[in-house]
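[1] sequence? don't have it. structure:
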C-alpha cells in the first residue's frame, strides 16, 4: 500500500465517521439550548456562565464535518440568540457563524470523537468566541467592554467540561452515516 492508497483509506474512514442528525433533533436541541440560555440564568444566577448555544454550535459543527453546515448552524443559532437578548441583532450571529465554520474546519482535519480532544477544542473555541465578541463590541459598536482573562479562562474550562458531558448525551441522538 503506497501513500495515495493510505490517503484514500483515511479519507473514506473520515467520511464514514461523519454524523447525520434528523432535522427535528437539530431544531429541538438548538431551541432547547437557546431557551436554556435565555430563561435558566433568570432563576439560577450562578448558571450565567454556561453558554449553551455556543456548545450546540461547536458540537454540530465538529461532528458534521461540513463547513457550510457549521456556518448555517452558527448563523441560525446566533441570530436566534440575538433576537432574545438585549444585545444588537447580529453580534452573536456573526461570532457563532465564525465559530461554526472554524469548528467544522477542525473537524475535517482531526478525529473529534475523543473526550479529551473535545475538551481542548471547546476550551479553545470558547476563548475565541469571547475574544471575537469583545473585538466586535469595541470595533463595530464603539462600546467599552472589559475582557477579564482569568474569568474568561475559568468560564472556558467550565463550559468545556459541561460541553464534554453534553456532547456524550448528543452522541446518542446521532445516526451514523
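    In hand now; what should we look at? Bear in mind that the values here come from a model prediction, so they are computed numbers and not experimental data.
[2] which residues are contacting stretch 133-144?
    88, 91, 92, 94, 95, 145, 147 (C-beta atoms under 8 Å, 6 or more residues apart in numbering). (Glycine included, C-beta is placed from N, CA and C.)
[3] Now with 6 Å, please.
    Stretch 133-144 has contacts (C-beta atoms under 6 Å, 6 or more residues apart in numbering) with 91, 95, 145, 147.
[4] Before we move on, what's the pLDDT of the residue most central in space within the chain?
    A centroid search over the chain (C-alpha atoms, centre = their mean) returns residue 58, at 2.0 Å, as the residue closest to the centre. At residue 58, the model reports a pLDDT of 96.
[5] now the one 3 residues further on
    Residue 61 is assigned a pLDDT of 94 by the prediction.
[6] Provide the count of other residues in contact range of it.
    Neighbours of residue 61 under the rule other C-beta atoms under 10 Å: 29.
[7] Surely it touches residue 104?
    Yes. Taking C-beta atoms under 6 Å as the definition, residue 61 is a contact partner of residue 104 at 4.2 Å.
[8] so how far is residue 20 from the nearest residue in space to residue 22 that is not next to it in sequence?
    Nearest non-adjacent residue to residue 22, counting by C-beta to C-beta, 6 or more residues apart in numbering: residue 175, 7.1 Å away. Note on residue 175: its distance to residue 20, by C-beta to C-beta, to the nearest Å, is 5 Å.
[9] Compare neighbour counts for those two and give me the winner.
    Each of residue 175 and residue 20 has its neighbours counted (other C-beta under 10 Å); residue 20 has more, 12 against 9.
[10] For that one, give me the pLDDT.
    The model reports residue 20 with a pLDDT of 73.
[11] Compare the contacts of stretch 133-144 and tell me which is most surrounded.
    Neighbour counts for the contacts of stretch 133-144 (other C-beta under 10 Å) peak at residue 95, which has 26 neighbours.
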